[in-house]
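Asks: I would like to see how this sequence folds:
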Amino acid sequence: MLYDDFKPIVDLVLNNWTALQLAVEHGMGAPGGEKTAQLMAVYIARYCVENVVDRDELAEVIEDLMDEEFDTVCHDESPKEIANLLILYLTLLKEGHHDELRARIEAMPKCQKWLSQPIHESVPPQHHGNPDDDTTSSSSEDEEELPENVSNVDEIGKDKQDSEPMDEDIEPGWTVVRTRRKK
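Replies: Take a look at the predicted model:
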């Protein structure tokens, strides 16, 4: 079956895709990014096998998946490169050029096969802080540092109640951060 031969190729190509790997490693999108990436590989393989696709159409599907599933927009044209490779490999597979396909796959950079590995459900999703911050914090998100002028937890709650509410018309997935003004 074509899908059974093509799916491992899709896994290899996506395993080598830095944008997808970074999106998963940095917890972009919903928790369980590795499982989402695995499902994305299944979807792409089925989409290619079950449809007559061209490079631009497949690149658009890949861009949409990255945006919808990982809140990631690739400005480096890598979805088009991934689409090119997948279309090339699918064409070679369909036309029976197995030796050329094998040679091209063996010429791909070797990497750890993280995408096709089974997922352990016991591993909790990782929580990351500000994506613009290169440092990570070991403190819990529930803990807050007290400002120098606040000595009581009750004063923090009072201060939060007095603050202005945030605008609600912000795009989903985005957070607006504003500085507090002292009264």
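Asks: quick one: residue 19 from residue 61, how far?
Replies: Taking CB to CB, to the nearest Å as the measure, residue 19 falls 15 Å from residue 61. No exception for glycine: its C-beta is placed from N, CA and C like everyone else's.
Asks: nope, residue 109 is what I was after
Replies: Distance from residue 109 to residue 61, counting by CB to CB: 24 Å.
Asks: neighbour count winner among these two?
Replies: Per other CB atoms under 10 Å, whichever of residue 109 and residue 61 has more neighbours is residue 61, with 19 against 6.
Asks: Now that one. Nearest residue, chain neighbours left out?
Replies: In space, and not counting its chain neighbours, residue 61 is closest to residue 47: 6.2 Å by CB to CB, 6 or more residues apart in numbering.
Asks: Which elements pack onto the helix or strand that contains that neighbour?
Replies: In this structure, residue 47 is located in helix 33-50 according to DSSP states H and E. Using 3 or more CB pairs under 8 Å, 6 or more residues apart in numbering; DSSP states H and E, the elements in contact with helix 33-50 are helix 2-15, helix 18-25, helix 55-70, helix 78-94.
Asks: ok, and for the first one, which residues are buried?
Replies: Just to be clear, that refers to helix 2-15. For helix 2-15, a neighbour-count test (16 or more other CB atoms under 10 Å) marks 5, 6, 7, 9, 10, 11, 12, 13, 14, 15 as buried.
Asks: now the fifth one: how far from residue 16?
Replies: Residue 10 sits 11 Å away from residue 16, going by CB to CB.
Asks: go on, the third one?
Replies: Using CB to CB, one gets 15 Å for the distance from residue 7 to residue 16.
Asks: How about the second one?
Replies: Residue 6 is 16 Å from residue 16, where distance means CB to CB.
Asks: surely residue 47 meets residue 62?
Replies: No: when contacts are counted by CB atoms under 8 Å, residue 47 is not listed as touching residue 62 (9.6 Å).
Asks: With neighbour numbers in mind, choose between those two.
Replies: With neighbours defined as other CB under 10 Å, residue 47 and residue 62 compare such that residue 62 has more, 26 against 17.
Asks: who's in contact with that one?
Replies: 44, 79, 82, 83 (CB atoms under 8 Å, 6 or more residues apart in numbering).
Asks: hmm, which two among the residues you listed are most spread apart?
Replies: Across those, no pair lies farther apart than 44 and 79, at 10.7 Å, counting by CB to CB.
Asks: Can you pull the poorly scored residue ranges out of the protein?
Replies: Scanning the chain for pLDDT under 70 picks out 112-183.
Asks: quick one: secondary structure of residue 30?
Replies: Here residue 30 is recorded as coil under DSSP: H, G, I helix; E, B strand; the rest coil.
Asks: That one and residue 36: what is the separation?
Replies: From residue 30 to residue 36 the distance is 7 Å (CB to CB).
Asks: Let me have the buried residues of helix 2-15 in a markdown table, extended by distance to residue 95.
Replies: Below are the buried residues of helix 2-15 laid out as a markdown table (distance: CB to CB, whole Å):
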| residue | distance to residue 95 |
| --- | --- |
| 5 | 13 |
| 6 | 13 |
| 7 | 18 |
| 9 | 14 |
| 10 | 18 |
| 11 | 21 |
| 12 | 19 |
| 13 | 18 |
| 14 | 23 |
| 15 | 24 |
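Asks: Much appreciated, bye for now.
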